[in-house]
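> Okay, here's the prediction I keep looking at, along with the sequence it came from:
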Amino acid sequence: MIKRVFLDTQATKAQNERRTPDFVRRLCFMIVEKVLIEHYIDSYSMRCLQSSLAISLILKRFGIKSQVYVGEVCVSQVFSDNNIAPRWNGFWGDDHHVWLVTEFSEIVDLTIKYLHLHPVTEGNSQLQMPAIWWSDISRWPNVIKYLPQGPITVKLPDEEMIDLQAFQVKVSQDLDYFLESNLVQQVVFTPIIHGPESMNELYAKGDLWLVNSAVLQDGWLPYPQRIVERERELMACCEKKI
């Protein structure tokens, strides 16, 4: 059993440090991934909205506010077959992605780790990338870009809303059961990248996605035109606010 006093300490730690504690990050990803795969089976790789809402639900238990965002994402696409040249992958133009932003400005994205399973890319030997819980949005590597359009309000057809609610109930139930039946040491989820330091650590350990993505860090491969345009739009918007 994970004691209430420990969980309360994590909530206090979050507010004091203005970041989500590592334990809470692992707990969120571990519980949501398990239920996401069980509930959605064949389509879990595309359930970015549902996974983000479920993580938000768990964070709320720790007094951490969060908001679901929609936007465009560009990450390196690298392959186990070294004969296939690296390229860019993600969601832009007519394709959009959903992720979570915490009150500490952290970007949280579980389903980005399933990008290699997406119907568009599945079967092409694409390497799996880590899940993201990025803390310092002022420091981004060249191989990851999150370009938000803004926060969203969830509006789904009635049938999908009922399904979403059922999924969220399962997440809450699994969370309660896990906290009641397990120990802190059993909260395990890897890998997670949360900043340049964690990327360097994983690179040193030989994470295949990071090792093979290193070639794109030098900026030799141009970004997709839409990504360039959207980045300019966001920079212009920020300059107007200053």
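Done, it's in. Numbers count the residues shown, from 1 in each chain.
> State which strand of this protein is the longest.
strand 66-77 (DSSP state E).
> Could you check the helix or strand following that one and say which residues are buried?
The helix or strand immediately downstream of strand 66-77 is strand 87-91, counting by DSSP states H and E. Under the neighbour-count criterion of 16 or more other Cβ atoms under 10 Å, strand 87-91 has 88-91 buried. All C-beta atoms are positioned from the backbone trio N, CA, C, and that covers glycine.
> sorry, back to before: and the longest strand of the chain, how far out from the chain middle?
Relative to its chain's centre, strand 66-77 lies at 8 Å (Cα atoms, centre = their mean, to the nearest Å).
> which strands and helices sit next to it?
Packing partners of strand 66-77 (3 or more Cβ pairs under 8 Å, 6 or more residues apart in numbering; DSSP states H and E): helix 48-61, strand 87-91, strand 97-102, strand 144-151, helix 208-213, helix 225-241.
> partners of the shortest one in the sheet?
Meaning strand 87-91. Partner strands and pairing direction for strand 87-91 (DSSP bridges) are strand 66-77 (antiparallel).
> ok, and for the partner strand, which residues are buried?
Applying 16+ other Cβ under 10 Å to strand 66-77 flags 66, 68-77 as buried.
> For the residue nearest the centre of the chain, grab phi and psi.
Nearest to the mean C-alpha position of the chain, by Cα atoms, centre = their mean, lies Asp109 at 1.0 Å. For Asp109, the backbone dihedrals (degrees, to the nearest 10) come out as phi -150, psi 100.
> quick one on the thing from earlier: could I get the buried residues of strand 87-91 as CSV with distance to Gln173?
Listed next are the buried residues of strand 87-91 as CSV, based on distance: Cβ to Cβ, whole Å:
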residue, distance to Gln173
Trp88, 39
Asn89, 35
Gly90, 33
Phe91, 31
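> just those residues now: which is nearest Pro224?
Sorting those by how near they are to Pro224, with Cβ to Cβ, puts Trp88 at the top with 5.7 Å.
> if I pick that closest one, what's in contact with it?
Each residue near Trp88 by Cβ atoms under 8 Å, 6 or more residues apart in numbering is listed here: 74-77, 221, 223-224, 227.
> quick one: pLDDT of it?
Looking at Trp88, its pLDDT reads 95.
> leaving aside the residues next to it on the chain, what's closest to His116?
Gln126 (4.1 Å; Cβ to Cβ, 6 or more residues apart in numbering).
> try Arg47
Counting by Cβ to Cβ, 6+ apart, the residue nearest Arg47 is Tyr40, at 5.3 Å.
> Give the full set of residues in contact with the one you found.
47, 50, 167.
> and what of Arg139?
Arg139 makes contact with 195-196, according to Cβ under 8 Å, 6+ apart.
> How is it assigned, secondary-structure-wise?
The three-state label given to Arg139 by DSSP: H, G, I helix; E, B strand; the rest coil is coil.
> if I look at it, how far off is Tyr203?
Arg139 sits at a distance of 15 Å from Tyr203 (criterion: Cβ to Cβ, to the nearest Å).
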